[in-house]
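# Provided below for reference: sequence and predicted model.
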Amino acid sequence: MQSNKETGIHLNPVKLQVFLVLLLLGVSVAALMAGQLRIHPYEVVRILLSGIFPIEKTWSPTLESVLFDVRLPRLLAGLLVGAGLSVSGAAFQGLFRNPLVSPHILGVSAGAGLGAALAILFFGKIFMVQLFSFLFGLLAVLMTYSLSRVYRTTPVLMLVLSGMIVGALFSAATSLLKYIADPVNQMPSIVFWMLGSLNNASNKDMIIAGPVMLAGITVLLLIRWRINLLAMGEEEARSLGIDTGRIRAVIIVCATIIAASAVSISGIIGWIGLVIPHIGRILVGPDNKKLLPVATLIGAIYLVVVDTIARTAIESEIPIGILTAIVGAPIFAYLLRKNRSGW
Amino acid sequence: MNSRTTVNFIVTIVFIFTILAGQAVAKSPAVRTISDMTGRQITVPDPLTRVALFGGPTGQIAYILGARNQLCAVTSTLRGSDLVLAFDPSIQKLPAPRSTSGHVNIEELLLADPQLVIAGTFDGTIVEKKTRIPVAYTESNMNHGLDLLKREMRFYADVFQKQARAEKYIAYLEKTISFIKSRTKDIPQSERKTLFNGYGPNHLVTLGGDTFMHERIEIAGCIDTAAAVNSAGVKEGLHSGLIEISMEKALGWNPDILVIDSGDPNEVYKDPKWKSIKAVQNKKVYKQPVGVFIWDRPTAEAAVLHPLWLAKTAYPERFKDVNLVKEVQRFYREIMGFNLTRDLAEAVLAGKLGIRFVGNSGRK
């Protein structure tokens, strides 16, 4: 895909990536310092270092727990979910050759929503909610994928249509569950979950879901140049001797695993997977080789920043799904106005 | 026409009208005027024998006032309550036209043929818009303190004409509250236990300091950790005063007592995220009781029993003479006419009873 010099900013990708990595580090350190509980930054550094070096513990176990059991897993979850949703969004937008596509296009969030609602209704335990949302997210995409194969000539279009069908089915089932759920406790739980939050992220989640998401992100980054080939179009790619079906399957598997893991940790966080790739495109152009790493970094930075706002701005938590849109929409509108990005 | 015929004519007319008016009065059923909780005057048939209740937690007044036979429609929460079903299985035969706030099945309501609907603002306006059934509005919100509860009880008593029963309940309530206060008022501030209600599967959803819960926690002599959080903004509907706080805030509050409503305390004891709080270290995590309805709501039963449970749980040494099982049995027997067995009373206190929503919908 040739880059159009007249649109976008097209920064030097290497310099930009170095800058983004530094920004990511800065944002992460700031996120560890900030919180509802005021802990002196010097104390934060000492507690964190005590995890590695033998430092005399002069602080209360509560502070240690706040840092190691709350802020650290929450930071990691923010980084991974933000990076994962953005990179899979970018990969999907390349795969479907459509700028309106997000990682949720194949029904993963609708499936995860139903799984979570079922688990809230019948078990009421966090672990079951996570497990069910993950499994149902996978199930929904599996259904989409099988359904799309009944009509083989236009696989990309069929995938999108099947995703809509499966998504509608699962969303309707979720609405039904909300309707019959106990309106006093269960329904608010389902609604809170749907709004998305990193409040439940724990070290255990990170140990289980972290490697899975990292693997998915890594694979997508490694095959990013192949996505360019898909973006040329089915016919052209095939004429170059490329097995488009296999690349498509790999992208779908990776993006689905990432999105399902993300949803199981954080609930449904929309907007990021849709918009961060566009912001990346404004900065480095539409070439997926440059775009995917940049989108990964921006996604991670963005979600950590927004989550820090979500947990510190007021006395209670602000559902992050609301904030990602409220903070992100004006930024996106401004960038769109300023630079018409090439697509 | 001379004056005589005129007088005759007038007398005749007056006579005819008097007869007609007399007949009209005899034919139209007796009515009386009640004023609802928002101060509106409503004319209702007298006696009222078919009343539809829409409000969530208020269904229990049917038993508290002994007005069960005057109901023709109730809420699904009442119909699904394990405790109610144990003593009044016939409740399942009543329709529940209002499923959740904003969802009223008008046909089901018309079929129930109520003379009066008692509802909150949102549901009430729906009924008024679509039917001719008179609506009495309740005033229910999440900063529903004891004063509002008493006012509510007297309003219902007025509707069902059960003033004596309402006063009996109010006396029971006041006696219990002043008993608890007499035992907790002299606890020095430094020795008061801090208490956090951690609801929902993640134990982070709570009721803020501006809700009725604050009053209950203070009556029990405890310190409300969520005092600075406001959550009563939403009067009715989905969130019903609940709000989610961040994990580190809960850790920072470091409560002496944690009350949960999902899962069981053993899970919290095992969860590494909660290990640093005092409630976990001292094994003071408790599951909240459930009676006719869950106790973290501004209901009549919870207003009496919840503070007592909280107080005994927090300060067992000050309430050695209080046997919670017996108190639960006594309340339901004297006020609601339910004779709970020991096992059932223990199940109430252990939070083992439920409100079954799934499977209880529809008329049976």
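Looks like it came in fine.
# quick one: low-confidence ranges for chain A?
Residues of chain A meeting the criterion pLDDT under 70: A:1-10, A:183-185, A:339-343.
# for the residue of chain A most remote from its centre, what are its contacts?
If you look at how far each residue of chain A sits from its centre, by Cα atoms, centre = their mean, the farthest one is residue A:56, at 38.4 Å. For residue A:56, the set of contacting residues under the criterion of Cβ atoms under 8 Å, 6 or more residues apart in numbering or on different chains is empty. All C-beta atoms are positioned from the backbone trio N, CA, C, and that covers glycine.
# where do the helices sit along the stretch 151-300 of chain A?
In the stretch 151-300 of chain A, the segments counted as helices under DSSP state H, counting those that start in this stretch are A:155-180, A:186-195, A:203-222, A:224-231, A:234-239, A:244-266, A:272-284, A:288-312.
# any weak-confidence spans in the stretch 201-350 of chain B?
Answering for the stretch 201-350 of chain B: the residues below the bar, that is pLDDT under 70, span B:232-240.
# chain A contacts on that one?
Residues of the stretch 201-350 of chain B that fall close to chain A, judged by Cβ under 8 Å from any Cβ of the partner chain: B:201-202, B:204-205, B:208, B:228-231, B:238-240, B:242-249, B:251-252, B:254, B:261-263, B:267, B:271-273, B:275-277, B:294, B:297.
# how about the residues of the stretch 51-200 of chain A near chain B?
If contact is defined as Cβ under 8 Å from any Cβ, the residues of the stretch 51-200 of chain A in contact with chain B are A:61-62, A:64-66, A:69-71, A:74, A:120-121, A:124-126, A:129, A:179-189, A:191-192, A:197, A:199-200.
# one step back: give me the buried subset of the residues of the stretch 201-350 of chain B next to chain A.
By neighbour count, with 16 or more other Cβ atoms under 10 Å in any protein chain shown, these hold B:201-202, B:204-205, B:208, B:229-231, B:238-240, B:242-249, B:251-252, B:254, B:261-263, B:267, B:271, B:273, B:276-277, B:294, B:297 as buried.
# in helices, which of those fall?
Using DSSP state H, the members of those that fall within helices are B:247, B:248, B:249, B:251, B:252, B:267.
# among those residues, which two are most distant?
Spanning the widest gap among these are B:252 and B:267, at 21.7 Å by Cβ to Cβ.
# list the contacts of residue 74.
No chain in the question, so chain A it is. Contacts of residue A:74 were listed using Cβ under 8 Å, 6+ apart, and they are A:198, A:199, A:201, A:307, A:311, B:247.
# hmm, I had chain B in mind actually
Residue B:74 is in contact with B:52, B:53, B:59, B:62, B:91, B:94, B:96, counting by Cβ under 8 Å, 6+ apart.
# buried subset of the residues of the stretch 51-200 of chain A next to chain B?
A:62, A:64-66, A:69-71, A:74, A:120-121, A:124-126, A:129, A:180-189, A:192, A:197, A:199-200.
# residue A:210 and residue A:26, how far apart?
22 Å (Cβ to Cβ, to the nearest Å).
# what do you get for residue B:210?
Counting by Cβ to Cβ, the gap from residue B:210 to residue A:26 is 38 Å.
# now residue B:265
For residue B:265, the distance to residue A:26 - Cβ to Cβ - is 41 Å.
# okay, those two: which has more neighbours?
Regarding residue B:265 and residue A:26, a neighbour count based on other Cβ atoms under 10 Å in any protein chain shown identifies residue B:265 as having more, with 17 against 11.
# correct me, but the more buried one touches residue B:288?
No. Taking contact to mean Cβ atoms under 8 Å, the distance of 10.9 Å between residue B:265 and residue B:288 leaves them out of contact.
# just to revisit the earlier point, so which of the residues of the stretch 201-350 of chain B next to chain A belong to strands?
Under the assignment DSSP state E, these contribute B:205, B:242, B:243, B:244 to strands.
# just list whatever residues bridge to the second one.
Listed beta-bridge partners, residue B:242: residue B:207 (assigned using DSSP bridges).
# need the contact list for it.
Contacts of residue B:242 (Cβ under 8 Å, 6+ apart): A:188, B:199, B:200, B:205, B:206, B:207, B:231.
# turn these into CSV, columns for distance to residue B:72.
As requested, these are arranged in CSV below (distance: Cβ to Cβ, whole Å):
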residue, distance to residue B:72
A:188, 30
B:199, 33
B:200, 35
B:205, 35
B:206, 37
B:207, 33
B:231, 35
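# show me which pair in these is furthest apart.
When the contacts of residue B:242 are compared pair by pair using Cβ to Cβ, the farthest-apart members prove to be B:200 and B:231, with a separation of 13.2 Å.
# center of chain A, which residue is that?
Geometric middle of chain A (Cα atoms, centre = their mean) lands on residue A:85, at 2.4 Å.
# that one - nearest residue in space that isn't next to it in sequence?
Excluding its sequence neighbours, the residue lying closest to residue A:85 (Cβ to Cβ, 6 or more residues apart in numbering or on different chains) is residue A:273, at 4.1 Å.
# neighbours around that neighbour, how many?
Burial of residue A:273 is recorded as 32 neighbouring residues (other Cβ under 10 Å).
# surely it touches residue A:81?
No. Taking contacts as Cβ under 8 Å, residue A:273 lies outside contact range of residue A:81: 10.0 Å.
# what about the strands in the stretch 1-150 of chain A?
When secondary structure is read from DSSP state E, counting those that start in this stretch, the stretch 1-150 of chain A shows no strands.
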